[in-house]
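K.L.:
After the sequence you'll find the predicted model.
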Number of protein chains: 2
Amino acid sequence: MTVTTVHQPTHREALWELEAAFDRGDLITVFGHCTVEYDGRAASSLGLGRRLLLLKPDGTALVHTDEQQQPVNWQPPGSEHHAAVRDGRLRVRSVRSSPDETLDVRFETVEQLSAMAVSGRRDLSVTGSEADLRNALLDQPDAIEAGFEPLATERPTDVGPIDLFGRDSEGRPVVVELKRRRVGPSAASQLQRYVEAIRREEGDDADVRGLLIAPSVTDRARRLLAEAGLEFAAVEPPSSDSDAGDADAADATDANDDSVAAAGDDASGPSAAEPANDE
Amino acid sequence: MTVTTVHQPTHREALWELEAAFDRGDLITVFGHCTVEYDGRAASSLGLGRRLLLLKPDGTALVHTDEQQQPVNWQPPGSEHHAAVRDGRLRVRSVRSSPDETLDVRFETVEQLSAMAVSGRRDLSVTGSEADLRNALLDQPDAIEAGFEPLATERPTDVGPIDLFGRDSEGRPVVVELKRRRVGPSAASQLQRYVEAIRREEGDDADVRGLLIAPSVTDRARRLLAEAGLEFAAVEPPSSDSDAGDADAADATDANDDSVAAAGDDASGPSAAEPANDE
DNA sequence: AGATCGATCTCGACA
DNA sequence: TGTCGAGGTCGATCT
């Protein structure tokens, strides 16, 4: 059996199951009426409400509500989970040091506690990252500009590493900053930093070009680039279906599924059941 | 009943429960053997494994493994969840547009499906943010430097808003950039951008000071500041227990808990009970 | 440990 | 909707 669940356990029972799940190294979910307190790099407090607590064997703790992608409270991997019954309530505390941080979840009632044995790969390789864009450009330097010759990637300077460093057809050094999506002022500043670092290296009179490569730039970024004498070249990120041979792209036709259920953004509830937030 | 759970359901049964949970606006967890495919801003593929899928009524989808704080795959709020049985497997697909993105979770087996009615506040106010630091400094401008006079916060420039703008005791304009933690080169560049924007506004010969306020700076950042003629002042962020009156700090004495369980980082073996000191 | 930067960043605020 | 910057950012890589 790869999942153990108890419904509306007593706090004692919940604690018992938690202990067992900790020992097994399970992924744990606890759903119930609880308060949440955090103190560490910042501090926060959350009153009573029904929420979902996720405890991972690597020390991660996540408190999720019914909204948002990000947990309302959390503790990073490497923390230590502790559970105890106190004042008639189940308390789960997740602690770490450097920095000292504590997450405290106090359950008034536990509706359900589940422990699951996770398996399979958890590291996934994503295509379409900035590194992929860089590799694509290394294969096709002319996509940057005719005659561009790449010399180094992640070339170190004393203000950080340069994404791509090379020379143009006339032998001038070119600092290239890559971004996989539309960029704002910060990317322009970043490029400027690197160009000035190279100028200092090569001698203040050196003719060093700075080239920002991205799908597009904002107006402000364009202005900043112009003022600093930097250039911009529009390059689309490698699309997932055009060249990256993604298998599985075949079954796009699913109009005739056996059965279908749908839900999402606009609470398209049948009987107009409203959020029912009981605070 | 605020939670509905089915164990090892058939795909049909799972689909039925999903539909009902969608309609109720529940928070849903699905644990089972599945593959995960994502295609959108980037693309990824994940082979068979036992993982936990979280579906929120706001359109969020999260796939969690037993490691890491971040989900291995996800879909942001505003997506639409669709479920179907196809090829004898339960498929949950979460789709959004602008940008077009699809997350596909195909379950070979569903170990457990739960639907929970969440309630209570989900917005929490954090103390210790940059805004808190700013307000503390507005109350005590001398903590910045003697005679500093704040004039505006979030003062707009054509390269972005300045955290805090004011004048020093000699009437010179001062651009202040606040950071709640140790800063690197990017913050120095950011401040430099703002200072140069004010210099352009005031006339190129204007005597404008730039002041970075943070707990500390890295070496490179310090060098960048020096080269750009910018200043740094060390200010600790308002600590959570010194002034922010965090209630609940009273029950620090809990050495005699009824019962205790512990787990965390270093998969501490089953027997050999852990130190069990919480706090 | 600290430093630096990318990220399917996410999120909120504001124009 | 786009732009911009903060974040308890997280996570990876390198020193």
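P.N.:
Arrived safely. Predicted, not measured: the structure shown is a model, and the values here were computed from it.

K.L.:
from here on, contacts and neighbour counts on C-alpha atoms
P.N.:
OK.

K.L.:
Following the chain past the lengthiest helix in chain A, name the next helix or strand.
P.N.:
Using DSSP state H, we find that the single longest helix of chain A is helix A:185-202. With elements assigned by DSSP states H and E, the helix or strand that comes after helix A:185-202 is strand A:209-214.

K.L.:
what's the following helix or strand after that following strand?
P.N.:
Per DSSP H and E, the first helix or strand lying C-terminal to strand A:209-214 is helix A:219-227.

K.L.:
Can stretch A:200-214 be said to contact DNA strand D?
P.N.:
No - Stretch A:200-214 stays clear of DNA strand D (C-alpha under 7 Å from any atom of the strand), getting no nearer than 12.5 Å.

K.L.:
can you check stretch A:40-47 too?
P.N.:
Yes - against DNA strand D, stretch A:40-47 shows contacts by C-alpha under 7 Å from any atom of the strand at A:40, A:41, A:42, A:43, A:44.

K.L.:
Check chain A and tell me which residue is nearest its centre.
P.N.:
Nearest to the geometric centre of chain A sits residue A:70, at 9.6 Å (C-alpha atoms, centre = their mean).

K.L.:
Which two of the residues of stretch A:40-47 next to DNA strand D have the greatest separation?
P.N.:
Maximum pairwise distance among the residues of stretch A:40-47 next to DNA strand D (C-alpha to C-alpha): 10.2 Å, between A:41 and A:44.

K.L.:
ok, is the helix or strand harbouring residue A:161 in contact with DNA strand C or not?
P.N.:
Per DSSP H and E, residue A:161 falls inside strand A:160-167. Yes - counting by C-alpha under 7 Å from any atom of the strand, DNA strand C is contacted by strand A:160-167 at A:160, A:161, A:163.

K.L.:
on contacts alone, who are the packing partners of the following helix or strand past that strand?
P.N.:
Following strand A:160-167 in sequence order, the next helix or strand is strand A:173-178 (DSSP H and E). If contacts are counted by 3 or more C-alpha pairs under 8 Å, 6 or more residues apart in numbering or on different chains; DSSP states H and E, strand A:173-178 sits against helix A:130-139, strand A:160-167, helix A:185-202, strand A:209-214.

K.L.:
Given the shortest one, what are its sheet partners and their directions?
P.N.:
Take DSSP bridges as the rule and strand A:209-214 pairs in its sheet with strand A:173-178 (parallel), strand A:231-234 (parallel).

K.L.:
distance between the strand holding residue A:161 and the chain's centre?
P.N.:
Mean-position distance between strand A:160-167 and its chain equals 25 Å (C-alpha atoms, centre = their mean, to the nearest Å).

K.L.:
Would that strand count as contacting DNA strand D?
P.N.:
No - with C-alpha under 7 Å from any atom of the strand as the criterion, DNA strand D is not reached by strand A:160-167; the gap is at least 9.7 Å.

K.L.:
now that strand against helix A:130-139, angle please.
P.N.:
Here the directions of strand A:160-167 and helix A:130-139 differ by 20 degrees (axes from the mean of the first three to the mean of the last three C-alpha atoms, to 10 degrees).

K.L.:
From the rest of the structure, what touches strand A:160-167?
P.N.:
Residues from elsewhere that reach strand A:160-167 (C-alpha atoms under 8 Å, 6 or more residues apart in numbering or on different chains): A:134, A:148-156, A:173-178, A:194.

K.L.:
Show me which of those residues are buried.
P.N.:
Buried subset of the contacts of strand A:160-167 (neighbour count, 16 or more other C-alpha atoms under 10 Å in any protein chain shown): A:134, A:148, A:149, A:150, A:153, A:173, A:174, A:175, A:176, A:177, A:178, A:194.

K.L.:
These into JSON lines, with extra columns for pLDDT and distance to residue A:104?
P.N.:
Formatted as JSON lines, those follow (pLDDT from 0 to 100; distance: C-alpha to C-alpha, whole Å):
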{"residue": "A:134", "pLDDT": "96", "distance to residue A:104": "44"}
{"residue": "A:148", "pLDDT": "97", "distance to residue A:104": "56"}
{"residue": "A:149", "pLDDT": "97", "distance to residue A:104": "56"}
{"residue": "A:150", "pLDDT": "97", "distance to residue A:104": "52"}
{"residue": "A:153", "pLDDT": "96", "distance to residue A:104": "45"}
{"residue": "A:173", "pLDDT": "96", "distance to residue A:104": "55"}
{"residue": "A:174", "pLDDT": "97", "distance to residue A:104": "52"}
{"residue": "A:175", "pLDDT": "98", "distance to residue A:104": "48"}
{"residue": "A:176", "pLDDT": "98", "distance to residue A:104": "47"}
{"residue": "A:177", "pLDDT": "98", "distance to residue A:104": "43"}
{"residue": "A:178", "pLDDT": "98", "distance to residue A:104": "42"}
{"residue": "A:194", "pLDDT": "96", "distance to residue A:104": "44"}
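
K.L.:
Adding distance to DNA strand D, write the residues you listed out as CSV.
P.N.:
Shown next, in CSV, are the buried ones among the contacts of strand A:160-167 (distance: C-alpha to the nearest atom of the strand, whole Å):
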residue, distance to DNA strand D
A:134, 15
A:148, 24
A:149, 22
A:150, 18
A:153, 11
A:173, 22
A:174, 22
A:175, 19
A:176, 19
A:177, 16
A:178, 16
A:194, 17
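
K.L.:
Could you report the neighbour count for residue A:116?
P.N.:
Other residues within reach of residue A:116, judged by other C-alpha atoms under 10 Å in any protein chain shown, total 26.

K.L.:
Tell me how many other residues crowd the spatially closest residue to it that is not a sequence neighbour.
P.N.:
Take residue A:116 and drop its neighbours on the chain: the residue closest to it by C-alpha to C-alpha, 6 or more residues apart in numbering or on different chains is residue A:3, 4.4 Å away. Residues lying near residue A:3 (other C-alpha under 10 Å) number 19.

K.L.:
residues touching residue A:3, list them.
P.N.:
Shown in contact with residue A:3 (C-alpha under 8 Å, 6+ apart): A:114, A:115, A:116, A:117, B:111, B:112.

K.L.:
got it, and residue A:73?
P.N.:
Residue A:73 neighbours (C-alpha under 8 Å, 6+ apart): A:36, A:38, A:62, A:63, A:64, A:103.

K.L.:
This completes my enquiry, with thanks.
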